[in-house]
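In: okay, predicted coordinates and the sequence, questions at the end:
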Amino acid sequence: MTAQSAQKKNNQKKAKTAITPTREENFPEWYQNVIKAADMAENAPVRGCMIIKPYGYAVWENFQRELDRRIKDEGVKNAYFPLLIPLSYIAKEAEHIDGFAKECAVVTHHRLEAAPDGKGLVPAGELTEPMIIRPTSETIIGETIAKWVTSYRDLPLKLNQWANVMRWEMRPRLFLRTAEFLWQEGHNAFATAEESNADARRMLEVYAEFSRNVLAIPVIEGEKTPEERFPGAMATYTIEAILQDGKALQSGTSHDLGQTFSRSAGIRYQSQDGAEELAWTTSWGMSSRMVGGLIMTHGDDDGMQMPPKVAPHHVVIIPIVHDDGDRAKILDYAETLARRLKELNIRVEMDASDRKTPDKLWGAIKQGVPVRVEIGRREMEEGNVTHTRRDIGRDSKTTESTDAFCNKITAMLDGMQEEMYQAALTRTNAMLHDAKSLDEARQFFSEKSSIGQLRMDAAFLQEDAFEKLQKDFAVTPRCLPFADEGKKVIVGKAY
RNA sequence: CGGGGCGUGGCGCAGCCUGGUAGCGCGCUGCCUUCGGGAGGCAGAGGCCGGAGGUUCGAAUCCUCUCGCCCCGACCA
């Protein structure tokens, strides 16, 4: 090989990526840079809190719309409960408070006064009872619905709220783990244990379907081990995603709370035969961390790739103007296309800014817009559009008639959605390995090149050597997959 | 809260070891040529070097203390 060809090969190897470092070079840094490049969020002045920028929030709004519809289809009604919870409420359930105490933000004052030394303000007006900022709302919703439920006729009661919650986190990361995050929390109450358990399982199904079909994120459905359970729950069900770096992400959870919260909050009802009974409750939630899961599942070295169903824009139209005489006509042609697409329920963004064309193109790539459309004089004169798919790139660049494009765009987006899911599923499956013994597991986790999760016999959970495995390699049991009927456990690193 | 790394214009960095009052790339502003996968020229704007003390004639640079960020753990959605 000549020096020249060696040089050329080297250049090819280091093909310029829109995001540096690449995923392979430094995954955590890549993740943060994708968020920055896509203009989705940034850190807030308060550690652990984030500012969700319009493009990132638009993803959340699409997420909300799709999930909210599914929740309502289950017969759940939305409501809103307060941010502040009396300390006495949360203190009632010992196991629950034990689980959350360390991460509760506490409000102790209700007034600010000038500091004695004249510099700044200090808290004054101490509250007779401190309040906590909700880390979750089981207690206040339990206390409230205890007043609403008196008869078996009041059950089932199904409530959901879209809210922010706060958990004082040690190690925050944008979207994946923030002190304040956005979520929905559902709280259902039933007359029987069978109903509450079936409900917890049912809501997990809703989450799994939503993850796969809307977010294009493959998930494993299963049950948490007792150690990993929600504080106070009888059973915690989870969907786990395996991200591109092989770590697992608990993506949605559903808890069968049994009578734990009914007992502490006094959710009692009179049954048909006149006896006083305690209700059985569930709770279930999915949060803004999924936006992080979305990035870590679909992003590549050129930035974000949005699954069409949550993409803020399905199509970005980039008018290309070489000569000012054409400008008005080209923009007009582009606007006409935009209107046509909007009539097809396509979310269209027109980029008529005066940025340079390559900057517009790369901006759209980094934001992960599924389809880029370029409109210049050639398209205008021939009644065409030129379009490129984000997931395939320049090889998909096609010029065809506007009619042909409008006829296929919906199917094209649906196809992209499906292909993104299949690609993610292939990766996920490749990262799930079987281990036949704890020794084999130790071997796997000690190799630096090993990425992914291990599936092993659930009986290993009882062995002392398993605890050592967890400690030595910072891995945890993620779940006992339903598919294996509780006989297997998935173990690995997690976010 | 432990272990490691880092704080220098909007972003990424050099300068620090061997003190002399700040530089590079990208971005930004203006003009011209450009524009279909990251264009070029010329002219500009922008930083009391995270903060507070100290040493010194003089500190981005040396010392002490602080604050913040990132990574790896413990905790967790």
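Out: On my side now, so go ahead.
In: dead centre of chain A: give me the residue that sits there.
Out: Of all residues in chain A, the one closest to the mean position by C-alpha atoms, centre = their mean is A:M290, 0.6 Å from it.
In: ok, that residue - contacts?
Out: Taking C-beta atoms under 8 Å, 6 or more residues apart in numbering as the criterion, A:M290 is in contact with A:F63, A:S211, A:L215, A:I217, A:S251, A:G252. The C-beta positions use only the backbone N, C-alpha and C, and glycine is treated the same way.
In: doesn't the last one fall inside a strand?
Out: Yes. Residue state for A:G252 (DSSP: H, G, I helix; E, B strand; the rest coil) corresponds to a strand.
In: excluding its backbone neighbours, what's nearest it?
Out: A:Y207 (3.5 Å; C-beta to C-beta, 6 or more residues apart in numbering).
In: and the next helix or strand past the helix or strand hosting the one you found?
Out: Applying DSSP states H and E as the criterion places A:Y207 in helix A:193-213. Sequence order places strand A:220-223 as the next helix or strand after helix A:193-213, per DSSP H and E.
In: can you list contacts of that next one?
Out: A:204-205, A:208, A:235-242, A:432, A:478-483, A:486, A:490.
In: now with 6 Å?
Out: A:L204, A:A208, A:Y237, A:I239, A:E240, A:C479, A:L480, A:P481, A:F482 (C-beta atoms under 6 Å, 6 or more residues apart in numbering).
In: run the contact check for it versus RNA strand B.
Out: No. Strand A:220-223 stays clear of RNA strand B (C-beta under 7 Å from any atom of the strand), getting no nearer than 12.6 Å.
In: which other helices and strands contact the helix or strand following that strand?
Out: Per DSSP H and E, the first helix or strand lying C-terminal to strand A:220-223 is strand A:235-242. Packing partners of strand A:235-242 (3 or more C-beta pairs under 6 Å, 6 or more residues apart in numbering; DSSP states H and E): helix A:193-213, strand A:220-223, strand A:248-258, strand A:476-481.
In: pick the most deeply packed of these.
Out: Highest mean neighbour count among the helices and strands packed on strand A:235-242 (mean count of other C-beta atoms under 10 Å): strand A:248-258, with a mean of 25.
In: need the next SSE after that strand, C-terminal direction.
Out: helix A:260-265.
In: buried residues in that following helix?
Out: A:T260, A:F261, A:S262, A:S264, A:A265 (16 or more other C-beta atoms under 10 Å).
In: would you turn those residues into CSV with distance to A:G303 and pLDDT?
Out: CSV is the format used below for those (distance: C-beta to C-beta, whole Å; pLDDT from 0 to 100):
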residue, distance to A:G303, pLDDT
A:T260, 44, 93
A:F261, 43, 93
A:S262, 48, 95
A:S264, 47, 92
A:A265, 47, 94
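In: closest one of those residues to A:M412?
Out: Using C-beta to C-beta, A:F261 is the member of these that lies nearest A:M412, at 47.5 Å.
In: dump the residue contacts of A:Y207.
Out: Contact analysis of A:Y207 by C-beta under 6 Å, 6+ apart lists A:I239, A:G252, A:M286.
In: biggest strand in chain A, by residue count?
Out: strand A:121-133 (DSSP state E).
In: do the helix or strand just after it and RNA strand B meet?
Out: Counting by DSSP H and E, the next helix or strand C-terminal to strand A:121-133 is helix A:138-148. No. Helix A:138-148 does not reach RNA strand B (C-beta under 7 Å from any atom of the strand); its nearest approach is 11.8 Å.
In: following element in sequence after helix A:138-148, please.
Out: Downstream of helix A:138-148, the next assigned helix or strand under DSSP H and E is strand A:157-166.
In: which strands and helices lie in contact with the next helix or strand after that next one?
Out: The helix or strand immediately downstream of strand A:157-166 is strand A:180-190, counting by DSSP H and E. Here strand A:180-190 touches strand A:157-166, strand A:280-287, going by 3+ C-beta pairs under 6 Å, 6+ apart.
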